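In: need a structure here:
(2 chains)
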Amino acid sequence: MSARTRRWVLVGLEIGVTALIIAGVWLYSERAVSYVVAPVPDIAARFRETFLFAQFGSDVLPSLLRFALGFVIACIVGVGVGLLLGRSLVLRLLTTPIVSFLRSTPAVALLPLAIVLIGIGTPMSVFIIAFVCCWPILLNTTDGVVELDPTLRATVESYGITGLDRLRLVILPAISPRVLAGMRTSISLALLLLVVSEMIGNSNGIGNFIFQAQQTFAIADMWAGIVLLGVLGYLVNTAFGAVERRLLRWHVSERRA
Amino acid sequence: MLEVQGLSKTYGSGATATRAIDHIEFDVSESEFVSVVGPSGCGKTTLLKCMAGLLEPTSGRTMLLGHQVTRSPPEMAVVFQDYSRSLFPWLTVRRNVALPLRRKPEIADRERLVAETLAAVGLAGFEEHYPWQLSGGMQQRVAIARALAYQPKVLLMDEPFASVDAQTRGELEDLVLSVRRRFGVTCVLVTHDIDEAVYMSDRVVVLTSPPSRVLETVAIDLPRPRNQVTTREHPSFGHLRGHVYQLIKGRAGRSPAPGPEEEFATT
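Out: Numbers count the residues shown, from 1 in each chain, chains lettered A, B, ... in the order given. Sure thing, here's the model as predicted:
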């Protein structure tokens, strides 16, 4: 079998197996007697009606906004503070106990606190997402700076590459593999916190929608919400993977020389 | 042009203090090629870093064109042994060479300078490659081109050929010898390789084991241009090589036959 044929067979299998599993779930859902299971066509219909039209503006958009804002703030704060800590041993030593404590605290445990502090609504969701997501990015950025290669540092110094040039053209690219790995971890955290914070601390959003649907026994709606979150997670991760591959074309893990 | 004046460097303090180099002194004249050799573990790299302003000496100083070297001066470029860490893997060859030129706004036609320098080291046509797509020898050529395009007065090299195979090493040695005149650059080479030091240099500074001092400065009066075959077959070559070898192995006091070469004992 040539490499090309082999590739097509694998792609075919990938699509085929996925279709088979969906078909299996579909068939099962048609016959199932359990009230927890809704037939796939019902779920698809609810999905189309709610998320693509009626509640796109009221639930999907706010969720996307909270997710994006929280994640972007986490990236900015994480990279910014991470760079500072990476530069200064004293700052690192001073902040290590606090940072270790905060990042080890289970994220969801902070939700009641956030609600008390900020109240119910979008700012609270954004805060909790940003707060929890900044740690992996911050720690990876700090480590990246600390572990910069001594020869690379000497080269930069001997050519007098300083200030913004140094940051933009050398340090950020050099640590980008680690920073992006931190962001990848944060994306999953962000989705998780989005849903939880909407379930208990927001009056709209996809998480709230799922929660309300479950409370009112709108099982097909609940499933539609779960499917939407799955699809969103998949799309966000795929998009991030594409960005990562493009930025790290030069890196060992991506080389196809 | 370059004066190393009583450079000393001690690492650590108290009981665990290690004196790497101890009052090292030598001069390098304009367009001269000077090598520094010594037994392994003698502070060669420490010396080079102090000279380049990358490391603060405990005492002593380096003077470049009459000014004390503090931070890395723009008249100086350094080529490191480990090209894979010294080049920026996220930049193409061309951009690697061009990046340090941002410090030199007075250089007018950078595009052309970069292209010409890459051509001079035999890398025309590889401008848009990434360093990791090239062989080790070619990567070190990129590092050399980057140093030359920076238009330094002094080029410091720290074991620049130690990470490439023997044949590439010979090619790179000759490349450096041929481009240094063209770019009007004074060279200081730090190496553990006695053959290489003798082959390339006008003078060889021999260091003792740590705490390193200058044991002797050996003048190399082999004819130029040097040639991998004829220079190495030259009768003086073997003698000079043997002399340096014996200095390093600690039999300096009873140097067997001081040849026709001038010798400067600088203790």
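
In: Can you tell me which residues in chain A are near chain B?
Out: Residues of chain A found near chain B (C-beta under 8 Å from any C-beta of the partner chain) are A:149, A:151-152, A:154-155, A:157-161, A:165, A:169-170, A:173-174, A:176, A:250-252, A:255, A:257. All C-beta spots, glycine's among them, are computed from the backbone N, C-alpha and C.

In: Filter the residues you listed down to the ones in helices?
Out: Residues of those located in helices (DSSP state H): A:151-152, A:154-155, A:157-158, A:165, A:173-174, A:176.

In: Pop out the phi and psi values for the residue nearest the centre of chain B.
Out: Geometric centre of chain B, nearest residue: B:L189, 2.0 Å, by C-alpha atoms, centre = their mean. Here is the backbone geometry of B:L189 (degrees, to the nearest 10): phi -120, psi 130.

In: Which residues are in contact with it?
Out: By C-beta atoms under 8 Å, 6 or more residues apart in numbering or on different chains, the residues touching B:L189 are B:33-36, B:157, B:160, B:196-197, B:200-201.

In: Could you export those to TSV, including columns for secondary structure?
Out: TSV is the format used below for those (DSSP: H, G, I helix; E, B strand; the rest coil):
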residue	secondary structure
B:F33	strand
B:V34	strand
B:S35	strand
B:V36	strand
B:M157	strand
B:P160	coil
B:E196	helix
B:A197	helix
B:M200	helix
B:S201	coil
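
In: coming back round to it: of the residues of chain A next to chain B, buried ones?
Out: A:151-152, A:154-155, A:157-161, A:165, A:169-170, A:173-174, A:176, A:250-251 (16 or more other C-beta atoms under 10 Å in any protein chain shown).

In: which intervals of the chain have sub-threshold pLDDT?
Out: Since no chain was named, I'll use chain A. Applying pLDDT under 70 to chain A picks out residues A:1, A:253-257.

In: wrong one, chain B
Out: Judged by pLDDT under 70, the stretches of chain B that qualify are B:250-267.

In: list the helices and strands the helix of greatest length in chain B packs on?
Out: Ranked by residue count and defined by DSSP H, the top helix of chain B is helix B:166-182. Contact analysis of helix B:166-182 by 3 or more C-beta pairs under 8 Å, 6 or more residues apart in numbering or on different chains; DSSP states H and E lists helix B:136-149, helix B:194-200 as its packing neighbours.

In: in the first one, what counts as buried?
Out: Pointing back at helix B:136-149 there. Buried, per 16+ other C-beta under 10 Å, within helix B:136-149: B:137-149.

In: now the residue nearest to the centre of chain B: how far from chain A?
Out: Separation of B:L189 from chain A (C-beta to the nearest C-beta, to the nearest Å) stands at 16 Å.

In: beta partners for that residue?
Out: Per DSSP bridges, the residues bridged to B:L189 are B:S35, B:M157.

In: Near chain A, which residues of chain B? Just list them.
Out: Counting by C-beta under 8 Å from any C-beta, the residues of chain B that sit close to chain A are B:49, B:52-54, B:71-72, B:74, B:76-78, B:80, B:82, B:85-86, B:88-91, B:99-100, B:102-103, B:130, B:132-133, B:150.

In: can you do 7 Å?
Out: B:52, B:54, B:72, B:74, B:77-78, B:80, B:82, B:85-86, B:88-90, B:99-100, B:102-103, B:130, B:132-133, B:150 (C-beta under 7 Å from any C-beta of the partner chain).

In: And for B:A197, nearest residue in space, chain neighbours not counted?
Out: B:S35 (3.7 Å; C-beta to C-beta, 6 or more residues apart in numbering or on different chains).

In: and that neighbour, what does it touch?
Out: B:189, B:191, B:197, B:200-201, B:204-205 (C-beta atoms under 7 Å, 6 or more residues apart in numbering or on different chains).

In: at 6 Å what do you get?
Out: B:189, B:191, B:197, B:201, B:204 (C-beta atoms under 6 Å, 6 or more residues apart in numbering or on different chains).

In: any idea which helix or strand comes after the helix or strand containing the last one?
Out: Same thing as B:V204. Here B:V204 is covered by strand B:203-207, with elements defined by DSSP states H and E. Proceeding N to C from strand B:203-207, the next assigned helix or strand is strand B:214-219, under DSSP H and E.

In: Just read off the phi/psi values of whichever residue of the stretch 1-150 of chain A sits closest to chain B.
Out: Proximity of the stretch 1-150 of chain A to chain B (C-beta to the nearest C-beta) peaks at A:D149, 4.8 Å away. Backbone torsions of A:D149, given as degrees, to the nearest 10, read phi -60, psi 130.

In: Quick check: chain neighbours aside, which residue is closest to it?
Out: B:R85 is the one closest to A:D149 (C-beta to C-beta, 6+ apart), at 4.8 Å.

In: where do the strands sit along chain A?
Out: Here chain A has no strands by DSSP state E.

In: tell me, what residue is most central in it?
Out: Using C-alpha atoms, centre = their mean, the most central residue of chain A is A:I187, at 1.3 Å.

In: any idea how far A:I137 is from A:F71?
Out: 10 Å (C-beta to C-beta, to the nearest Å).

In: Where does the closest residue to B:T92 other than its chain neighbours sit: helix, strand or coil?
Out: Closest residue to B:T92 apart from its sequence neighbours, by C-beta to C-beta, 6+ apart: B:E128 at 5.2 Å. Classification of B:E128 using three-state DSSP returns coil.

In: tally of neighbours for B:E128?
Out: Residues near B:E128, counting by other C-beta atoms under 10 Å in any protein chain shown, number 10.

In: That one and B:R95 touch, don't they?
Out: No. Using C-beta atoms under 6 Å, B:E128 is not in contact with B:R95, being 9.3 Å away.

In: any residues in contact with both of the two?
Out: Counting by C-beta under 6 Å, 6+ apart, nothing touches both B:E128 and B:R95.
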